[in-house]
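Enquirer: need a structure here:
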Amino acid sequence: MKIVGHVSAKRILSTPETVREITSLGIGVEVQLSSDILDTFTLKDFGNLKSLIGDALTTVHAPFLDLNPGAADSYVLKATRKRFQETLIAAKVLEAEVIVFHTGYHPAKIDPIFDEWFERAIETFKLVAAETDALIALENVFDTEPSVLKKFVDNLPKNVGVCIDVGHLNLFSKQPVSDWISAFKDRIYEFHVHDNSGVKDEHSFLGSGTVPLKEFFKEVEKVETDYIFNLENKTVDDIKKSLKFLEEGGFLW
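Expert: Residues are numbered from 1 along each chain as shown. So this is what the prediction gives:
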């Protein structure tokens with residue numbers, strides 16, 4: 001297990017030194033990118049951010065708001081692919097080991113046009129996979145079961161796997177975490193680990209909500225990849241609390 005702590009796009013823009021607070025905990029960082037960052041940061045700015053991070057393990061979360069990798073609207077599809085290409089450039093400067101992307105899948109919105117949408121989305125992620133040496137991890141968000149993500153990884157090269165977000169599972173999944181782990185145990189490159197009440201995506205510290213963490217950690221032992229845990233909390237203090245939960249629970253290995 002390798003651990004990183006989440007740094008929001010707002011923090012990167014306002015107080016990039018936050019990355020040092022996180023690396024001082026003995027873990028790496030996951031840098032969340034947004035359109036604001038990609039519009040304003042130069043390569044030099046990303047180089048300065050890399051200097052702040054130093055040699056610590058780094059992952060990147062690609063922007064997702066308003067984007068759709070399988071969009072029917074050609075303008076939206078072009079914009080999405082452009083943002084993803086910009087993400088790959090930033091990730092290269094930051095020497096990211098994993099880049100996390102949302103697929104854009106939402107059952108109510110996508111299922112009526114699934115086949116056409118999926119064909120375009122696959123083409124988008126084939127382009128992404130061909131242009132980076134980093135691992136690509138596609139994250140579950142509104143997915144109620146693993147089949148759509150499974151279809152993605154079955155149709156994409158091996159450098160594309162999944163990021164299982166346990167907070168999202170607690171909110172949206174109709175199947176237990178064991179089904180998700182067994183479906184992807186050899187293609188899980190990252191986990192997003194945080195807690196919530198089962199009502200909102202609160203990204204609270206571990207042990208503060210209703211995520212079945214004991215069950216989750218039991219299933220994680222079955223994973224066959226060298227995965228990364230991203231403590232996807234909103235503040236450094238909450239990341240510290242999550243680390244304490246992992247240490248006191250004996251979940252670090």
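Enquirer: Report the contact partners of the residue most central in space within the chain.
Expert: For the chain, residue 100 is the residue whose C-alpha lies nearest the centre (C-alpha atoms, centre = their mean; 3.9 Å). For residue 100, the contacting residues are 30, 59-62, 137-139, 163, 190, 192, 230, by C-beta atoms under 8 Å, 6 or more residues apart in numbering. In short, each C-beta sits where N, CA and C put it, glycine included.
Enquirer: mind running it again at 10 Å?
Expert: Residue 100 is in contact with 30, 32, 59-62, 64, 87, 135-139, 162-163, 165, 189-190, 192, 228, 230, 232, counting by C-beta atoms under 10 Å, 6 or more residues apart in numbering.
Enquirer: Just the element for it, please.
Expert: strand 98-102 (DSSP states H and E).
Enquirer: Kindly provide the whole-number mean pLDDT of that strand.
Expert: Here strand 98-102 scores 99 as its mean pLDDT.
Enquirer: My impression was that residue 56 belongs to a strand - is that right?
Expert: No: the assignment for residue 56 (DSSP: H, G, I helix; E, B strand; the rest coil) gives coil, which keeps it out of a strand.
Enquirer: Tell me which stretches of this protein form strands.
Expert: Assigned by DSSP state E, the chain shows strands spanning 2-7, 28-32, 58-61, 98-102, 135-139, 160-165, 188-193, 228-231.
Enquirer: Low-confidence regions, the chain specifically.
Expert: Of all residues in the chain, those with pLDDT under 70 make up the ranges 253.
Enquirer: export the strands of the chain to CSV and tack on distance to residue 243?
Expert: Shown next, in CSV, are these (distance: least, C-beta to C-beta, whole Å):
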stretch, distance to residue 243
strand 2-7, 8
strand 28-32, 12
strand 58-61, 17
strand 98-102, 20
strand 135-139, 21
strand 160-165, 18
strand 188-193, 11
strand 228-231, 7
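Enquirer: Of those strands, which is nearest residue 201?
Expert: The minimum distance between residue 201 and the strands of the chain falls on strand 160-165, with 9.2 Å, by C-beta to C-beta.
Enquirer: Please name every helix or strand in contact with that closest one.
Expert: Applying 3 or more C-beta pairs under 10 Å, 6 or more residues apart in numbering; DSSP states H and E, we find strand 160-165 packed against strand 98-102, helix 114-130, strand 135-139, helix 147-154, helix 177-184, strand 188-193, helix 213-220, strand 228-231.
Enquirer: Where is the longest helix in this protein?
Expert: helix 74-94 (DSSP state H).
Enquirer: So which elements touch that helix?
Expert: Counting by 3+ C-beta pairs under 10 Å, 6+ apart, helix 74-94 packs on strand 28-32, helix 35-40, helix 43-53, strand 58-61, strand 98-102, helix 114-130, strand 135-139.
Enquirer: what do you get if the cut-off is 6 Å, keeping everything else the same?
Expert: Under the contact definition 3 or more C-beta pairs under 6 Å, 6 or more residues apart in numbering; DSSP states H and E, helix 74-94 sits against helix 43-53.
Enquirer: got a list of contacts for the helix it packs on?
Expert: Helix 43-53 is contacted from outside by 16, 19-20, 29, 90, 93-94, using C-beta atoms under 6 Å, 6 or more residues apart in numbering.
Enquirer: Equivalent analysis for stretch 214-221, please.
Expert: Residues outside stretch 214-221 that contact it (C-beta under 6 Å, 6+ apart): 166, 177-178, 181, 251.
Enquirer: Apply 10 Å and report the result again.
Expert: 1, 164, 166, 169-170, 176-182, 185, 188, 191, 193, 206, 212, 227, 229, 246, 249-251, 253.
Enquirer: buried set for it?
Expert: Buried residues in stretch 214-221, defined by neighbour count with 16 or more other C-beta atoms under 10 Å: 216-217, 219-220.
Enquirer: Repeat that for stretch 158-178.
Expert: In stretch 158-178, counting by 16+ other C-beta under 10 Å, buried: 160-173, 177.
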